[in-house]
Every structure is written in structure tokens, then in C-alpha cells.
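In: Just to be clear, the model below is a prediction. Sequence and coordinates:
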Amino acid sequence: MIWRGKEGDERRVRFVLEWRGVRGGFGRYCAEKGISRKTGYEWIKRYRRAGLEGLKAGSRRPRGGKEWYGPECREAVRELRLEHRSWGPKKLVRVLRRRKVPVPDRSTVARWLKGWGLAGRREKRARRGPALERPAGLTHPQRANEVWTVDFKGWFCTRQGQRCEPLTVRDLYSRYCLDIRMLRNQSRASVQGAMKKIFARYGLPEIIRVDNGAPFASSQGALKLSALSLWWMRLGIAVELTRRGRPGDNASHEQMHRVFKAETKPCQTLQGQQKQASRWVRIYNTERPHEGIDQRCPQELYEKSPRRLRPLEQRPAYPPGWPQRRVRLNGDIKWAGRTRHVGRAFIAQWVALKPVDANQSEVYFAHQLIGEMHRQDPGGMRPARWVYQKNSETKISGVLPIL
């Protein structure tokens, strides 16, 4: 039955005027007219409120909304999009509302961007697979400064041909980018100098997560430890290594690299590159909303660590009765009358030997077991290694509590 137009208005009038004399109940009467009981009651209510005029079909246009987004609002959206080419509708709406600019829903903003030719091409993504447990041994942070992620973005050259190695450091819980430092190389000295400045400004984290590349880890030796990771351990920071060939173990940090690459470009000099990176870090922390933290900015969640950087003692503290050795410049120590190789990562460091029996000792660096010495072995130390299991991560032997 037709209920639109002039004919529909007349039918609604007859429906309201005739329903009182109908027998058999209101529900049956509505069913005979081809409408629901709810619609019938709505028409009667409109008749009682406005008479026959209330039964006429009204406009289906929204009552409000147009006054929200006039030319000023559209221009604000356009300017912000041109300033941040990689931001989508959700981030644009969130930032403008934070600036007290009245804007419509993100679907309307997306339609505007498409009409202006400013909508980015959305890459096709595969369907989500089953949810699996987190990689064994990796910590899921519950507070700021519990886990920092450290990595190199990948080198490139400035316009003048200078090599640039961006070192990126970020707090995993809050997504706060602590620093992006443009280094000339990936040497331990360069990274350690940059990390000292970050520690002096933000304090020390509980855990640092890195991949298996130099200078963060060593491809050979005990527990894949490098001289840089040993320095972190002496500061009281635990070191987490991602699985080899699994960048997804540090996916959040890699996503930041992708955004940084999309929103920056090579400059003339290394100094200009650093200024651009520092400006990008400020926007990333204070203005750019993050979907992983409910479209908030990292600055809203991050606070500095109360653990401050202090000068290191000459050697780690070991229990009394454990013989101590200083590793020589070739990575050797002397034990049981012969030189034994410990590893070049431990050069100039003090290690301790925990006696097990007359023919065996365990080798510790700070609180960490790094290997075993056996009298019958002709070579050096038997280095400890990580063994990845299905539900947990264990070492070949236990470790001491942190001293």
C-alpha cells in the first residue's frame, strides 16, 4: 500500500479517523492496513499533537548538522590534512576536536578528503588469522618505562652524500618516542653516547628490547650478549632479544619507522636532518593521536622514570668466596692453570666463578649466568644459550637474583 506523497497523506488521515469505529483490536486493524502497531500509534500521537497537519509527510533531511561544518570547518580540515599527509580521518577529527573546532563524524571528513583528491590509497590487507600467544619471553608492559624498544631505522644519505643512521628509542607502553638521533655509524660508542643523553633526560627503564643485530647483540658468544648490552645490564636494565628473523616481535616500533619514513625527507646536511627529526618527534608525541592507545597522544600517558643514571662501580658486586677475573683484551681469563676464552664482548669486564665441584665452575657476569668452565675441556668456556620453548623461555641453567 502506498503511504508516500499526497495519496499517502490521505490514507493516513482515513486511518486515524476510522480506527475508533473498528472492531477486533488495534493490532488487527494495523495489519489490514499493512503497517505495524508501532507505526499506527505514532500516527495517532502525531494527530493528537498537531491535528491533521501532523499527518503530512515531512522532510527526511537531518534537522541539524549543516551549521557544524561550514566553510571555516572545511578549510581547517583541509589545512591540517595538507600539513600531515599521512593522517587519516580519525586522527584529523581527534586533533581538531581537541583544538575546539566543531567537526562532523570521520565518515563525513573521509568523503571530503575523497572529493578534494586528498584521500590516500588504502592498501589491501589480508584477513586476520587466529590469535596466538605472545612470543615466549617478551614482556607485555603495564606501565611507562617498563619496556623501551631500541632499533636503527635503516641508513640513508643526505643530499650532500653524508651517511645517516637514525637510532630510534621509544617507550612501548605509552608509544612515546624518546628520541631519534641521527648518527654517522652504528658503532657501540655512538649508540652508548646517545643512550647516556636519553638516560640523563628520562631516567632508566626496567627492560630494553632489541633485535639480534649489532651493536645490540652478538651473533656469537654467551647469550648473544654484546658490549653494549653488557653496559645496560650493569646499569640494572634487563635486555630482551626478539627472535631472529621475526620483526613482528617488535611490530609497534617498526610501524613507527614506517610513519617516520613517510612523513620526512632527506635534507642537505646531517644537522638539518636532526632538526627535522626532532620536530617530527614533537608532533608524534604531542599532536598525533595513536589508535593503539585509544586515539590519545603519547604525552598523555608517559612520565619520566624515577630511576636515575648514576656512575657505575668499578666492578659488579659478587657473593664472597667467588673468585673474580678481569677479562683480558683478547677475551681470555685464566682458570685452573690455563687461559680460557670467555668472549670479546666481555673485554675489560669483571666476571666471577662460582665453584660447582673440583672440576667445574659456573661463570657469572653481574647477576647473569653466562657459561660453564670444565677442567677437562681443552678450549674455553661453554657459553650459555637461550632455548625457546612453546610456552616459556629458559636458559641451560638458572640465574642469580639481581644483587
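Out: Alright, I've got the coordinates.

In: Which strand residues bridge residue 350?
Out: When assigned by DSSP bridges, residue 350 has beta-bridge partners residue 326.

In: For it, give me its contacts.
Out: Residues touching residue 350, when contacts are defined by C-beta atoms under 8 Å, 6 or more residues apart in numbering, comprise 314, 315, 316, 324, 325, 326, 327. Any C-beta I mention is one placed from the backbone N, CA and C, and that applies to glycine too.

In: what about 7 Å?
Out: With contacts taken as C-beta atoms under 7 Å, 6 or more residues apart in numbering, residue 350 has the following neighbours: 315, 316, 324, 326.

In: Most neighbours of all these, which one?
Out: Sorting the contacts of residue 350 by how many neighbours each has (other C-beta atoms under 10 Å) puts residue 316 first, at 19 neighbours.

In: Leaving out chain neighbours, which residue sits closest to that one?
Out: Residue nearest to residue 316 in three dimensions, not counting chain neighbours: residue 366, with 4.2 Å by C-beta to C-beta, 6 or more residues apart in numbering.

In: just residue 145 next, same as before
Out: Once flanking residues are discounted, residue 145 sits nearest to residue 305: 4.0 Å by C-beta to C-beta, 6+ apart.

In: The one you found contacts residue 147, doesn't it?
Out: No: contact between residue 305 and residue 147 fails when scored by C-beta atoms under 7 Å: they sit 11.7 Å apart.

In: now the residue nearest to residue 316: how far from residue 294?
Out: When distances are taken as C-beta to C-beta, to the nearest Å, residue 366 and residue 294 turn out to be 39 Å apart.

In: When the two are compared, which one has more neighbours?
Out: For residue 366 and residue 294, the more surrounded residue by other C-beta under 10 Å is residue 366, and the numbers stand at 22 against 10.

In: circling back: confidence score at the residue nearest to residue 316?
Out: Here, the pLDDT recorded for residue 366 equals 85.

In: so who does it touch?
Out: Taking C-beta under 7 Å, 6+ apart, we find residue 366 in contact with 233, 234, 316.

In: The residue nearest to residue 145: how many residues sit nearby?
Out: Per other C-beta under 10 Å, the neighbour tally for residue 305 reads 18.

In: quick revisit: and the residue nearest to residue 316, how far from residue 326?
Out: Distance, residue 366 to residue 326, using C-beta to C-beta: 14 Å.

In: Show me the shaky parts of this protein.
Out: 1-5, 60-68, 122-137, 388-403 (pLDDT under 70).

In: Spit out the contact partners of the residue sitting nearest the centre point of it.
Out: If you average the C-alpha coordinates of the chain and look for the closest C-alpha using C-alpha atoms, centre = their mean, you land on residue 252, 3.6 Å from that point. If a contact means C-beta under 7 Å, 6+ apart, then residue 252 has 172, 292 as its contacts.

In: Swap in 10 Å and give it another go.
Out: When contacts are counted by C-beta atoms under 10 Å, 6 or more residues apart in numbering, residue 252 is found next to 149, 170, 172, 175, 290, 292.

In: what's the closest non-adjacent residue to the third one?
Out: Of all residues not flanking residue 172 in the chain, residue 147 sits nearest, at 4.3 Å (C-beta to C-beta, 6+ apart).

In: tell me the contacts of that neighbour?
Out: Contact criterion C-beta under 10 Å, 6+ apart gives 138-141, 170-173, 205-209, 238, 240 as the residues in contact with residue 147.

In: Any of those residues buried? List them.
Out: The neighbour count (16 or more other C-beta atoms under 10 Å) marks 138, 141, 170-173, 205-209, 238, 240 as buried among these.

In: So the residue nearest to residue 145, which state does it fall into?
Out: Look at residue 305: counting by DSSP: H, G, I helix; E, B strand; the rest coil, its state is coil.

In: tell me, how many neighbours does residue 195 end up with?
Out: The burial count assigned to residue 195 is 24, neighbours taken as other C-beta under 10 Å.

In: so how far is residue 293 from it?
Out: Relative to residue 293, residue 195 is positioned 25 Å away (criterion: C-beta to C-beta).

In: hey, where'd the strands end up in the stretch 301-403 of the chain?
Out: For the stretch 301-403 of the chain, strands defined by DSSP state E, counting those that start in this stretch occupy the ranges 324-326, 332-335, 338-341, 350-357, 360-365, 368-374, 382-383, 386-388, 393-395.

In: Can I get those strands in a markdown table including distance to residue 275?
Out: Formatted as a markdown table, the strands of the stretch 301-403 of the chain follow (distance: least, C-beta to C-beta, whole Å):
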| stretch | distance to residue 275 |
| --- | --- |
| strand 324-326 | 43 |
| strand 332-335 | 46 |
| strand 338-341 | 46 |
| strand 350-357 | 42 |
| strand 360-365 | 40 |
| strand 368-374 | 40 |
| strand 382-383 | 44 |
| strand 386-388 | 40 |
| strand 393-395 | 41 |
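
In: which stretch among the ones you listed comes nearest residue 286?
Out: strand 393-395 (36.5 Å; C-beta to C-beta).

In: Okay, buried residues for stretch 281-299 please.
Out: Neighbour-count burial for stretch 281-299, with 16+ other C-beta under 10 Å as criterion, is recorded at 281, 284, 285, 287, 288, 289, 290, 296, 297, 298.

In: Point out the ones among these that are inside helices.
Out: When the buried residues of stretch 281-299 are checked against helices using DSSP state H, the ones located there are 281, 284, 285.

In: elements contacting the helix or strand harbouring residue 182?
Out: Secondary-structure assignment from DSSP states H and E places residue 182 in strand 177-183. Taking 3 or more C-beta pairs under 10 Å, 6 or more residues apart in numbering; DSSP states H and E as the contact definition, the neighbouring helices and strands of strand 177-183 are strand 147-152, strand 163-171, helix 188-202, helix 251-263, helix 270-286.

In: Next, work out how far apart residue 224 and residue 218 are.
Out: Residue 224 sits 5 Å away from residue 218 when distances are taken as C-beta to C-beta.
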